[in-house]
Structures are given as structure tokens and as C-alpha cells.
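Novice: Just a sequence and a predicted model for now, questions to come.
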Amino acid sequence: METTELKEKLKKQIIQFLNLTDLTPADIKDNEPLFGDGLGLDSIDSLELIVLLKKEYGITIKDPREGRKVLVDVNSMAAYIEEHGAK
């Protein structure tokens, strides 16, 4: 899957998994922070995103520091999936 396709898919999955029904994939910029001033996600959402990575891509994140590096924005998630995801 190309990076562009993966980012689109991720945006759709984020909306679906986190039940962000007021957003569309076009509303989420690739480099927009997922937490804080960006999308405004919280720690519960981060757990949901970790479940998404495990369920959809076979990626397990156990170290919170690693999670903080991965769950920065759509770009960082896509890059991590491309590097560590199930082929």
C-alpha cells in the first residue's frame, strides 16, 4: 500500500475507532498533532489508537515512550506502520 493510501486509511480508522463522527478524513491534516492543540485527543484515545494498531496492523506498543513517538500525527503513525507492520 502506498503511503498516501495508508494515511487516508488511517484517518478513516481514527474517525471510526474514536467515534469522531463530526470529522471527515479531509479534516485531519497529515502533520496535525493528534493530542493537545491539534485534534485534541486524550489519554483514553491514545489507548484506542494502540488497540487500532494491534488489531489492524499487528503492531504491539508496550513502551509508553515509544507510543508517544508513534502517536504524534498521521505521518508518524504511517511511517511506523510501514516500518513495523505485518507485511
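Specialist: Okay, I see it.
Novice: use CA for all of it now, contacts and neighbours both
Specialist: Will do.
Novice: Buried residues, stretch 15-35. List them.
Specialist: For stretch 15-35, burial by neighbour count (16 or more other Cα atoms under 10 Å) applies to 15, 25, 28-30, 33-35.
Novice: can you list the residues that contact it?
Specialist: With Cα atoms under 8 Å, 6 or more residues apart in numbering as the contact definition, stretch 15-35 has outside contacts at 7-8, 11-12, 14, 38-42, 45, 48-49, 52, 71-75.
Novice: avg pLDDT for that stretch?
Specialist: Mean pLDDT, computed over stretch 15-35, is 96.
Novice: Could I get the phi/psi values of Lys62?
Specialist: Main-chain torsions, Lys62, degrees, to the nearest 10: phi -100, psi -30.
Novice: I'd like the distance between it and Gly85.
Specialist: For Lys62, the distance to Gly85 (Cα to Cα, to the nearest Å) stands at 15 Å.
Novice: surely Thr3 meets Tyr80?
Specialist: No. Judged on Cα atoms under 8 Å, Thr3 makes no contact with Tyr80 at a distance of 11.1 Å.
Novice: which one of those two has more residues nearby?
Specialist: Each of Thr3 and Tyr80 has its neighbours counted (other Cα atoms under 10 Å); Tyr80 has more, 16 against 13.
Novice: residue contacts, the nearest residue to that one once chain neighbours are set aside?
Specialist: Spatial nearest neighbour of Tyr80, excluding adjacent residues (Cα to Cα, 6 or more residues apart in numbering): Val70 at 6.5 Å. Val70 sits next to 76-77, 80 when contact means Cα under 8 Å, 6+ apart.
Novice: Pipe those into a markdown table and attach secondary structure, distance to Leu20 and pLDDT per row.
Specialist: A markdown table is the format used below for the contacts of Val70 (DSSP: H, G, I helix; E, B strand; the rest coil; distance: Cα to Cα, whole Å; pLDDT from 0 to 100):
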| residue | secondary structure | distance to Leu20 | pLDDT |
| --- | --- | --- | --- |
| Ser76 | helix | 20 | 97 |
| Met77 | helix | 18 | 97 |
| Tyr80 | helix | 23 | 96 |
